[in-house]
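Engineer: Provided below are the primary sequence and the corresponding predicted coordinates.
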Amino acid sequence: MAERNAKLVLVRKVRLWWYLPALVPIVALFYFGFSGVIHPILGLVGLFLLIFWLMSLIFALVSRLSRRPKEPRQ
């Protein structure tokens, strides 16, 4: 029964330094879309990606800063 209730952990450790290089193309797409260099619809896609990136960063920070018990409670 304990095996059925065990959670599958997909990401064991959050590495926050990956968020900075991912921000560069998102901001470039946002900037060039709204400045008129590329189609403005791509600027909206960049805005969506920027919001999605920000939410992902917040969840990663919460995951990193929250303390989990070392041993499972019985």
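Structural biologist: Perfect, I can see it now.
Engineer: List the buried residues in the helix or strand where Phe59 lies.
Structural biologist: Applying DSSP states H and E as the criterion places Phe59 in helix 40-65. With burial defined by 16 or more other CB atoms under 10 Å, the residues of helix 40-65 counted as buried are 43, 46, 49, 60. The C-beta positions use only the backbone N, C-alpha and C, and glycine is treated the same way.
Engineer: okay, the residues you listed in JSON lines with distance to Ser66 next?
Structural biologist: Shown next, in JSON lines, are the buried residues of helix 40-65 (distance: CB to CB, whole Å):
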{"residue": "Gly43", "distance to Ser66": "35"}
{"residue": "Gly46", "distance to Ser66": "30"}
{"residue": "Leu49", "distance to Ser66": "26"}
{"residue": "Ala60", "distance to Ser66": "11"}
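Engineer: And the spatially most central residue of the chain, how close does it get to Ile38?
Structural biologist: Nearest to the mean C-alpha position of the chain, counting by CA atoms, centre = their mean, stands Ser56 at 2.6 Å. Separation of Ser56 from Ile38 (CB to CB, to the nearest Å) stands at 24 Å.
Engineer: Which helix or strand contains Arg67?
Structural biologist: Per DSSP H and E, there is no helix or strand for Arg67.
Engineer: How many residues are close by it?
Structural biologist: When neighbours are counted by other CB atoms under 10 Å, Arg67 registers 5.
Engineer: Give me the pLDDT for it.
Structural biologist: For Arg67, the model assigns a pLDDT of 71.
Engineer: same thing with Ile41?
Structural biologist: 94.
Engineer: Great, nothing more from me.
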